[in-house]
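Colleague: My questions concern the predicted model and sequence given below.
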Amino acid sequence: MKIFIFLFTLFVSFISNSLYAQTTDKSAVVDSDAVELNIDSIMFLMAEKAVIDKGFTLEADKVEFKYGQTAFVNSNTNFVSVNGDNSVVQVAFNIPVSGPNGLGGITLDGKVSNYEVNKDKKGNVDISMNVMGTGISARVTISLFAGSNRASVTILPNFNSNRITLVGVIVPSHLSRVFKGSSI
């Protein structure tokens, strides 16, 4: 009988400890989700303010080509940057050929015109602008998704139909860590 009571007490204490651990773990998961949501909201507000102030950089980690092919790229060398009326649009692929910018792609260093920012009722921010440089000009449209600093940018060159889409994050220019190659 003493062994039965001892085993029953041990079993009850084991069950109560495991239930307590599960409720503690669930509250930790809820807390970490709330913290992550708050961080995403803060990053969105920082990105939105940078877009409105014309001082942002979209650091891209993925490229989507005209016919749907995708490639993951280095965010330090694939970016769209706007500082006031100046802009840099750079794509650089991980290929053995250096390309016109020395990084395996092209760099458009130019002036911004027709800069427009619109926010829809879901909270998504759309930016459209023209970037005109020497030899190249392009129409650039950026979509900043609500609640996060994730964004996509579509680059439409004015002289051909080689559309390219970059996907990444928008950060204020002073927090950017990009490397600019030689512009055309």
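Modeller: All right, it came through fine.
Colleague: Scan the helices and strands of this structure for the one with the lowest mean pLDDT.
Modeller: For the chain, counting by mean pLDDT, DSSP states H and E, helix 2-52 ranks last in confidence among helices and strands (a mean of 65).
Colleague: and the following helix or strand past that helix, which strands flank it?
Modeller: Sequence order places strand 55-64 as the next helix or strand after helix 2-52, per DSSP states H and E. Here strand 55-64 has these sheet partners by DSSP bridges: strand 70-72 (antiparallel), strand 79-83 (antiparallel), strand 164-172 (antiparallel).
Colleague: which of the ones you listed is buried the deepest?
Modeller: strand 79-83 (a mean of 23; mean count of other CB atoms under 10 Å). All C-beta atoms are positioned from the backbone trio N, CA, C, and that covers glycine.
Colleague: hmm, back to that, present the strands paired with strand 55-64 as JSON lines; the columns should include distance to K119 and mean pLDDT.
Modeller: Output for those, formatted as JSON lines (distance: least, CB to CB, whole Å; pLDDT from 0 to 100):
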{"stretch": "strand 70-72", "distance to K119": "28", "mean pLDDT": "88"}
{"stretch": "strand 79-83", "distance to K119": "17", "mean pLDDT": "94"}
{"stretch": "strand 164-172", "distance to K119": "14", "mean pLDDT": "94"}
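Colleague: As CSV, these with distance to N101 would be great.
Modeller: Output for the strands paired with strand 55-64, formatted as CSV (distance: least, CB to CB, whole Å):
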stretch, distance to N101
strand 70-72, 17
strand 79-83, 12
strand 164-172, 15
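Colleague: now for those, which one comes closest to V112?
Modeller: strand 79-83 (6.1 Å; CB to CB).
Colleague: Mind listing residues that contact the closest one?
Modeller: 54-60, 87-90, 112, 115, 129, 140, 142, 153, 155, 166, 168, 173, 176, 178 (CB atoms under 8 Å, 6 or more residues apart in numbering).
Colleague: Please, a PyMOL command that selects the buried ones among these?
Modeller: Buried members of these, defined by 16 or more other CB atoms under 10 Å, are picked up in PyMOL with:
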select buried, resi 54+55+56+57+58+59+60+87+88+89+90+112+115+129+140+142+153+155+166+168+173+176+178
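Colleague: now for the strands paired with strand 55-64, which one comes closest to P100?
Modeller: Using CB to CB, the nearest of these to P100 is strand 164-172, at 15.3 Å.
Colleague: With only the CA atoms kept, save that closest one in PDB.
Modeller: Only the C-alpha atoms of strand 164-172 are listed here, as PDB (Å, rounded to 0.1, in the frame of the first residue of the first chain):
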ATOM      1  CA  ILE A 164      13.500  42.900 -63.100                       C
ATOM      2  CA  THR A 165      12.000  42.700 -59.600                       C
ATOM      3  CA  LEU A 166      14.100  42.900 -56.400                       C
ATOM      4  CA  VAL A 167      12.700  41.700 -53.100                       C
ATOM      5  CA  GLY A 168      14.300  42.800 -49.800                       C
ATOM      6  CA  VAL A 169      14.000  45.200 -46.900                       C
ATOM      7  CA  ILE A 170      13.800  49.000 -46.700                       C
ATOM      8  CA  VAL A 171      16.100  50.700 -44.200                       C
ATOM      9  CA  PRO A 172      16.900  54.300 -43.600                       C
END
